[in-house]
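Trainee: Turn this into a structure:
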Amino acid sequence: MNFFQKLLGIGLLVTAVFSVATIARAEMMVQQAHPGALRPDRRLPGPAPLVVEHLPSLTRLKEALAAAPEPPAEFKKQVHLAVLKLLAVQNNDQIKTLDSWARQSIQTICGFSSINGENPLYTALDMAFRPQAWQHRDCIYIQTVPIRQRLGQLVAPAEAKRILWQGTVSPAFLASEPVGALLRHISSDAALNSSVAQISNALYVFKHLFAALRLVPPAPPATRGTWLQPLQLIANLGPAAAKMDPRLARLQPRPGYSSRQAWTILMGISQLAAGWRARNARSVNTGIAQLAAVLPRVNPAAYPSRLKRGVEIWYNRLFNGTIVGVGLYFIALTLFLIAAVGAYPGARRPALFFFTLAVAVHAAFMAVRWWLAGRIPIQNEFESVLASAFAGCVIGLILEYWKKTNLFGLAMSFVGFLAMTACFVVPYVLGHNIGENIGRVDGVLNSYWLYIHVNVVVSSYALIGASFCLALLYLLMKLYYRLRPLGSTALAGATAGAALAGARGEAGGTAMLAGRDVGGAAAAAPGRQWRETFLRQLDAANIVVLQMGFWFLGTGIVLGAVWASYSWGRPWEWDPKETFSLVTWVVYLIIVHLRFVTPKYRPDWTAWLAVIGFAVMLFNWIGVNYFLVGLHSYA
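Mentor: Next up, the predicted model:
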């Protein structure tokens, strides 16, 4: 445990150092551009003159920014977003950095977290401050192909082909009456209703990006509550607000916010927005500096710490940790495979090191997500896949240190690699939202049964995945042995004696390809013996993992019934997820019992059924969510 603790501590320390360095560098950039902007005691000018100068109409700010010209490349380079992205915002009842808000908003609108590799915060602010410039850009993603085809019927053939292949349309196109009528008609189809809702949500997010900038935390002493959009503080300016527009005199000031705070915040957002419209980077950076200076101090108890915001930035940059996990698990998988086949038994030591490091890093990123979300990360598909792989890899690490066969490490590093790859590719390459964005828990999920039931079930899925790996390896090696029998030809390779010497040495490995025939029949007998031994070890490891998965899944189903009775008032109702979970469990029940009733070919039956069971489990876990409608659609 000391080793794990030290490794985890080093990882968190490095993350903290990077976070603090990022914040310091960002603040230094703003300080150099605007000396004194971040000083707590900076004197602010009186409100009336500058309000009149910079805010001719705060109540119509968004309309004033609507028809802004295209900013040049120099403006993009000069704008300092490093400090702005570290500010916090409330979005969907979740407190997050502006960096996270921008990534999630752009992904909702466009299907990906960035457009043409551009900074997502820059894109989101450009859409918020210059919405008219984006009205005719094809930026809203249509995920479902049938809807693309139906929309293509309303345009010219060339445009219909582009929509079909690219899947993007413009906000103006969606706002047209023919398209609206067609989407309303399509939404009557139950199979496409959720896809139409996705389009409507993307258009809604696009239209309300400016209103979504809830940057002002609740007034002290509250630590929780609804955050405010800066323009909601205009009544706190007092007489200055009434001078701008007599109607503002009827508004009630927001309690707990001083006129000085309201003035600084309003000046900051107005200089940011107006400067963005006028392509004035200096004005934009001044507004950013003012917002960064005042917002965290409005209510420090309700505002996330600098460290937490910095860690969130790095967590986003590393694709929620998936890209790091892919690399470490792949290295461990490769080294375990080399050790298992007997090609180099000494590869076991580095394989164990990288596998242990991968599990530790996996744990660190799970802990970071837990910290950022304020809950155990097990709510959605993205989190359940990562949690499943983590639970399985912990079990595999324990079994590998105990049994020293290389097979448990091989199988579980395969599971970790597969899970991390899926969690990276699906949202960040294919653009499908599977819950990678940190969000709140739905009401029905706000129960301790969530963590009991789901953790047991996803652990069984990891074990089933490891069983699939071992079964597939067994079938492939048996086919290889059949295609290349010993004694038939003189095969190049290691001698049987060298293979036997490395088969059970310091590494505790298994010589899978031992006994390659280099001397005819004399080497065939020991080679055949080691081939049979390796297949028996594969089968033995598979049955251990398989039976663990069987019992974990059965226990998880029972716990799920208890939770269903607690949450929905009935333990079982043949929901698609419930039904296919039972089908998966029955498949593994058959496998376990076939071991007792089939005297011949038991390993072969076990391997084939393990592959089939893995396919059934995948459909139950992933396919049901996309092809069937039920109460478990969140899982």
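Trainee: Wasn't I95 part of a helix?
Mentor: No. Assigned with DSSP: H, G, I helix; E, B strand; the rest coil, I95 falls outside any helix and is strand.
Trainee: Let me see the contact set for it.
Mentor: A88, V89, W227, P304 (C-beta atoms under 8 Å, 6 or more residues apart in numbering). Just so you know, the C-beta spots here come from the backbone N, C-alpha and C atoms, and that holds for glycine as well.
Trainee: now with 7 Å?
Mentor: A88, P304 (C-beta atoms under 7 Å, 6 or more residues apart in numbering).
Trainee: any idea where the strands of the protein begin and end?
Mentor: 88-91, 94-97, 140-141, 168-169 (DSSP state E).
Trainee: who touches the nearest residue to E74 once chain neighbours are set aside in this structure?
Mentor: Counting by C-beta to C-beta, 6 or more residues apart in numbering, A281 is the residue found nearest to E74 once chain neighbours are left out, at 7.8 Å. A281 makes contacts with F75, Q78, V79, as judged by C-beta under 7 Å, 6+ apart.
Trainee: neighbour-wise, which of those leads?
Mentor: The most crowded member of the contacts of A281, judged by other C-beta atoms under 10 Å, is V79 (24 neighbours).
Trainee: right, and the strands of the chain - which one's nearest A273?
Mentor: Between A273 and these, the shortest gap by C-beta to C-beta is with strand 88-91, which sits at 15.3 Å.
Trainee: What is the neighbour count of A367?
Mentor: A count of nearby residues for A367, using other C-beta under 10 Å, gives 14.
Trainee: Tell me the spacing between it and A124.
Mentor: 28 Å (C-beta to C-beta, to the nearest Å).
Trainee: quick one, phi psi at the nearest residue to A292 once chain neighbours are set aside?
Mentor: Closest residue to A292 apart from its sequence neighbours, by C-beta to C-beta, 6+ apart: V83 at 4.7 Å. Main-chain dihedrals, V83, degrees, to the nearest 10: phi -80, psi -40.
Trainee: so V83 makes contact with A293?
Mentor: No. If you go by C-beta atoms under 7 Å, V83 and A293 don't touch, sitting 9.6 Å apart.
Trainee: what about the longest helix in the protein?
Mentor: If you go by DSSP state H, the chain has its longest helix at helix 521-568.
Trainee: How about L182: what's its closest non-neighbour residue?
Mentor: Nearest residue to L182, sequence neighbours excluded (C-beta to C-beta, 6+ apart): R150, at 6.3 Å.
Trainee: Identify the residues contacting the residue lying closest to L337 once chain neighbours are set aside.
Mentor: Leaving aside its sequence neighbours, L337 sits nearest to L410 (C-beta to C-beta, 6+ apart; 6.0 Å). By C-beta under 7 Å, 6+ apart, L410 lies in contact with L333, F336, L337, A340.
Trainee: try 8 Å this time
Mentor: L333, F336, L337, A340, C469, L470, L473.
Trainee: Kindly report the same for Y474.
Mentor: Counting by C-beta under 8 Å, 6+ apart, the residues that Y474 touches are L535, L538, D539, N542, P603, A607.
Trainee: and those residues, which are buried?
Mentor: Buried by 16 or more other C-beta atoms under 10 Å: L535, L538, D539, N542, P603, A607, out of the contacts of Y474.
Trainee: can I assume the first one is in contact with L476?
Mentor: No. Under the criterion of C-beta atoms under 8 Å, L535 lies out of contact with L476, with a separation of 11.1 Å.
Trainee: Which of the helices and strands in this protein ranks last by mean pLDDT?
Mentor: Least confident helix or strand of the chain, by mean pLDDT, DSSP states H and E, is helix 47-54 with a mean of 36.
Trainee: Break the chain into its domains for me.
Mentor: The chain resolves into domains spanning 34-87+215-303, 90-214, 528-635 when parsed by automatic domain parsing.
Trainee: Identify the residues contacting the residue positioned nearest the centre of the chain.
Mentor: Closest residue to the average C-alpha location of the chain: E436 at 2.5 Å, with C-alpha atoms, centre = their mean. E436 sits next to N320, F382, C423, P427, Y428 when contact means C-beta under 8 Å, 6+ apart.
Trainee: How about the second one, nearest residue that isn't a chain neighbour?
Mentor: Put plainly, it is F382. Using C-beta to C-beta, 6+ apart and skipping residues adjacent in sequence, the residue nearest F382 is G435, 4.0 Å away.
Trainee: Would you check that that neighbour makes contact with N380?
Mentor: Yes. Assessed by C-beta under 8 Å, G435 is found in contact with N380 at 2.8 Å.
Trainee: Tell me which of the two has more neighbours.
Mentor: N380 (21 against 18).
Trainee: Quick one, grab the pLDDT at the more buried one.
Mentor: Note on N380: pLDDT of 84.
Trainee: Phi first, then psi, for it.
Mentor: Per degrees, to the nearest 10, the backbone of N380 is at phi -130, psi -170.
Trainee: again, but for Y257
Mentor: Torsion angles, degrees, to the nearest 10, at Y257: phi -110, psi 130.
Trainee: right, and it touches N236 too?
Mentor: Yes. With contact defined as C-beta under 8 Å, Y257 counts as touching N236 (5.2 Å).
Trainee: still on that earlier bit, which of the contacts of L410 lies closest to R137?
Mentor: The closest of the contacts of L410 to R137 turns out to be L333 (C-beta to C-beta; 42.7 Å).
Trainee: now what about stretch 151-158, what contacts it?
Mentor: By C-beta under 8 Å, 6+ apart, the surrounding residues in contact with stretch 151-158 are I142, E159, A160, K161, I163, L164, V169, P178, V179, L182.
Trainee: Any regions of the stretch 101-250 of the chain where pLDDT drops low?
Mentor: 241-242, 244-245, 248-249 (pLDDT under 70).
Trainee: if we go to 80?
Mentor: 191, 238-250 (pLDDT under 80).
Trainee: quick one, helices of it?
Mentor: Here the stretch 101-250 of the chain has its helices, by DSSP state H, counting those that start in this stretch, at 120-129, 131-134, 145-152, 157-166, 171-175, 177-186, 193-207, 239-244.
Trainee: Just give the closest residue to G613, not the sequence neighbours.
Mentor: In this structure, G613 finds its nearest non-sequential neighbour in V587, 4.3 Å apart by C-beta to C-beta, 6+ apart.
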